[in-house]
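Enquirer: mind looking at a prediction? Sequence and model below.
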Amino acid sequence: MPQPIVETRELTKYYGEVKAVDHLNLTVYEGELFGFLGPNGSGKTTTLLMLMGLTVPTSGTATVAGYDIVKESREIRRVAGLLPEGAGYYEDLTARQNMDYIGQLNGIPKPERERRIKELLEAVGLERWADTKVEKFSRGMKQRLGIAEVLIKRPKIAFFDEPTIGLDPQGVKEIRDIILRLNREEGLTVFYSSHLLYEVQQTCRRVGFIRDGRLIATDTIENLSKKVAGVEGKTLEFELTEVTPELVAEIKAIDGVASVEQEGLRLYVHMERDRSREVSETITKHSSVILLMRPREYSLEDIFLKYYEEA
Amino acid sequence: MGVTVVFRKELADHLGSRRYLVLFALILLLSTMSAYQGVLYIRDRPQAGFMAIFWGAQFGFSFTYLMVFFGPIIGLALGFDAVNKERTSGSLSVLLSQPIYRDAVINGKFLAGVTALSLLGVSTITIMSSLATTLLGFGPGAEDLLRIILIASLTILYLAFWLGLGLLFSTVTKKTSTSILMSIATWLLCSIMISIIAALVANMVAPIPMPSGPGANMTRLFESPEYRELIQRRFTIQSNIQRISPAYLYNEAVQAIMGRAGGSFFIGPGGGSPFRSLDISQALTMSWPQITAIAVGLVACFAASYILFLRLEIRPGG
Ligand SMILES: Nc1ncnc2c1ncn2[C@@H]1O[C@H](COP(=O)(O)OP(=O)(O)OP(=O)(O)O)[C@@H](O)[C@H]1O
Ligand SMILES: [Mg+2]
């Protein structure tokens, strides 16, 4: 049975009149890679800042690793790491000096600190740049330095706030690989905040959707897909050489076919039961040729939009 | 624990920064030059005493003048971007995600600044005194030594005030470009403009009557008691206005500690010479209001920055 590591109860934050986070109830379990997904301004950053004790909630409570976010925020910062949105570094110090400062702030004794710095700079692929000033770093390198800094305290949980923003595809992949490896090999719990659906789909198993500060859904990606697709329903996509109104009408008439949508030479056939054989036979009968036939899958984007439309 | 780590890093930053080193070199150079002038002055007037190295500058700048003029810049330069630079660069949110209390950051930064300034002030005064001792062949007596120590402490307090003000600017503004402008404006106002403003106001409130027409007797006018009273009034108005500036307060206090009862061009009834000699306890009593005012200003600036910093909404990009 996995243990909860983050638990929020009715967590709320107002900025004046603006509800940045609205009665958020969320549980993240130890060892998981949790995706926190929401559009711009939905309250992701605010939630992370509250969890790290960098801003105080208006109401509600939360615990991280068993510590209260208001009363024991320093204890949280001992065991939890945050890579903040738009994290910055001391440009006139080297990567090693930057990390050394963070290590000292965490009270790590010198020999241990030096060992961890070396090990982590290797882990994020910056060992060659250890003694280069950060001002010479690219965005991707800075972001990797940020991850290394988060890890120097050997956290139980790491919060990453949009860690791949502004990176090229290669950089995105590198960051994602590092995070996935940390989760799989080191068992690090990762709380991954992003507005990029594709990325969360690639990285996280369980996701929470947030919009306007409210949590709309939390589940595994498969379950969310299923819910959107309808549990028993199935949609087939066809591309044909010819589509006539008679053909559409005849497909609709097949028992078990719920509806048909036409988009030029494409047909989307929604069925209550599997009727793919009957549908293809009907098409052939009308002397049309099937160029493509595939089940329609719901991308995370569809799920995302669907949930947002409902909200 | 957190505060010592922040302190050490910030101090290392200051001591290695071009900004600090340039100011340090400039002050050191000008101070040794002013001490040299002081030495020449003492050679001409042996009764002036050792302390004259700090004020006996015949050609322009004395140490006090240097501090009045450059002091604000030195202090403000070490403080004006302490907080907002880290806010805009995003390193502040990384820093505050570490297991430290938030006040460790502002305390560490302030203490590091004060240490850097003390180093500058103390080493400048030490170098000036040793240079003068070598050139003159005699050093400060016990009382002069005490005065020098008092001047050094007062200088540190004064520079720390400007640091605190810079820190406040860096906490209330988001951009370093704003806080640097505020710093420069404050510096110009307190070091240069204030005396001009004071003179203008005095001229408006108590204008000097210009005898018009031919045959007006200038000498009689200048010697009349009304005229002396007028000049005294103008002076009081001017110095009261200038007391808004901590630089002026510092100057008054240092003059007193050096044994020179500045404060007035014309001493009250019976006083003939512009300066009378003060012993240390008299000097301290006399300069106490000024010293207190600077200290209160320092505490107010730091307390305001401290409270604002603790309430700061930490957000990426400011
Ligand atoms: N300091 C502030 N004052 C007023 N409103 C604020 C402040 N900070 C954030 N907000 C508001 O709170 C809401 C949530 O912001 P937040 O930064 O948490 O969103 P986000 O999900 O992280 O967005 P993004 O994807 O753009 O990073 C927004 O509507 C924002 O305008
Ligand atoms: Mg955000």
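Expert: Alright, I've got the coordinates. Numbers count the residues shown, from 1 in each chain, chains lettered A, B, ... in the order given. Ligands and ions are numbered 1, 2, ... in the order given.
Enquirer: touching, residue A:37 and residue A:199? I think so.
Expert: No. Counting by Cβ atoms under 8 Å, residue A:37 sits too far from residue A:199 to count as a contact (9.2 Å). For every residue, glycine as well, the C-beta is placed using N, CA and C.
Enquirer: for the stretch 151-300 of chain A, just list every one of the strands.
Expert: A:157-161, A:189-194, A:206-211, A:214-220, A:234-240, A:257-263, A:266-271, A:290-295 (DSSP state E, counting those that start in this stretch).
Enquirer: tabulate these (CSV), appending mean neighbour count, distance to ligand 1 and mean pLDDT.
Expert: Formatted as CSV, those follow (neighbours: other Cβ atoms under 10 Å in any protein chain shown; distance: least, Cβ to the nearest ligand atom, whole Å; pLDDT from 0 to 100):
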stretch, mean neighbour count, distance to ligand 1, mean pLDDT
strand A:157-161, 25, 7, 96
strand A:189-194, 24, 7, 94
strand A:206-211, 22, 7, 89
strand A:214-220, 18, 12, 86
strand A:234-240, 18, 31, 85
strand A:257-263, 15, 33, 86
strand A:266-271, 18, 32, 87
strand A:290-295, 12, 33, 87
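Enquirer: would a markdown table of these with distance to chain B be doable?
Expert: Below are those laid out as a markdown table (distance: least, Cβ to the nearest Cβ, whole Å):
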| stretch | distance to chain B |
| --- | --- |
| strand A:157-161 | 8 |
| strand A:189-194 | 12 |
| strand A:206-211 | 17 |
| strand A:214-220 | 21 |
| strand A:234-240 | 41 |
| strand A:257-263 | 42 |
| strand A:266-271 | 42 |
| strand A:290-295 | 42 |
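Enquirer: adding distance to residue B:110, write these out as TSV.
Expert: Compiled in TSV, these are given as follows (distance: least, Cβ to Cβ, whole Å):
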stretch	distance to residue B:110
strand A:157-161	30
strand A:189-194	34
strand A:206-211	39
strand A:214-220	42
strand A:234-240	65
strand A:257-263	67
strand A:266-271	67
strand A:290-295	66
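Enquirer: which residues of chain B score low on pLDDT?
Expert: Regions of chain B meeting the criterion pLDDT under 70 cover residues B:58-59, B:210-222, B:261-276, B:316-318.
Enquirer: what residues does it have near ligand 1?
Expert: B:313, B:315 (Cβ under 6 Å from any ligand atom).
Enquirer: just the helices in chain B please.
Expert: For chain B, helices defined by DSSP state H occupy the ranges B:2-16, B:18-44, B:52-55, B:63-79, B:84-89, B:91-96, B:102-136, B:142-172, B:176-188, B:194-205, B:218-223, B:225-242, B:246-257, B:280-311.
Enquirer: re earlier: among residue A:37 and residue A:199, which residue is more densely surrounded?
Expert: residue A:37 (28 against 20; other Cβ atoms under 10 Å in any protein chain shown).
Enquirer: quickly list what the more buried one is bridged to.
Expert: Taking DSSP bridges as the rule, residue A:37 bridges to residue A:194, residue A:209.
Enquirer: contacts only, for it.
Expert: Taking Cβ atoms under 8 Å, 6 or more residues apart in numbering or on different chains as the criterion, residue A:37 is in contact with A:193, A:194, A:195, A:197, A:200, A:207, A:208, A:209, A:210, A:304.
Enquirer: distance of it from residue A:224?
Expert: From residue A:37 across to residue A:224, the span is 10 Å (Cβ to Cβ, to the nearest Å).
Enquirer: who touches both of the two?
Expert: Joint contacts of residue A:37 and residue A:224 (Cβ under 8 Å, 6+ apart) are residue A:207.
Enquirer: partner residues bridging residue A:21?
Expert: Under the criterion used here (DSSP bridges), residue A:21 is bridged to residue A:13.
Enquirer: residue B:74 and residue B:119 touch, don't they?
Expert: No. Taking contacts as Cβ under 8 Å, residue B:74 lies outside contact range of residue B:119: 11.5 Å.
Enquirer: around ligand 2, which positions in chain A sit nearby?
Expert: Chain A comes close to ligand 2 at residues A:44, A:45, A:85, as judged by Cβ under 5 Å from the ion.
Enquirer: cutoff 6 Å now
Expert: When proximity is defined as Cβ under 6 Å from the ion, chain A approaches ligand 2 at A:44, A:45, A:85, A:161.
Enquirer: the last one: what's it in contact with?
Expert: Taking Cβ under 8 Å, 6+ apart as the definition of contact, the neighbours of residue A:161 are A:44, A:45, A:48, A:82, A:83, A:84, A:85, A:193, B:316.
Enquirer: go through the residues you listed and flag which are in strands.
Expert: Per DSSP state E, strands hold the following members of the contacts of residue A:161: A:82, A:83, A:193.
Enquirer: the longest helix along chain A packs against which elements?
Expert: Longest helix of chain A, by residue count under DSSP H: helix A:169-186. Here helix A:169-186 touches strand A:33-37, helix A:139-151, strand A:189-194, helix A:197-203, going by 3 or more Cβ pairs under 8 Å, 6 or more residues apart in numbering or on different chains; DSSP states H and E.
Enquirer: please repeat the previous calculation with a cut-off of 10 Å.
Expert: Counting contacts by 3 or more Cβ pairs under 10 Å, 6 or more residues apart in numbering or on different chains; DSSP states H and E, helix A:169-186 packs against strand A:33-37, helix A:110-123, helix A:139-151, strand A:157-161, strand A:189-194, helix A:197-203.
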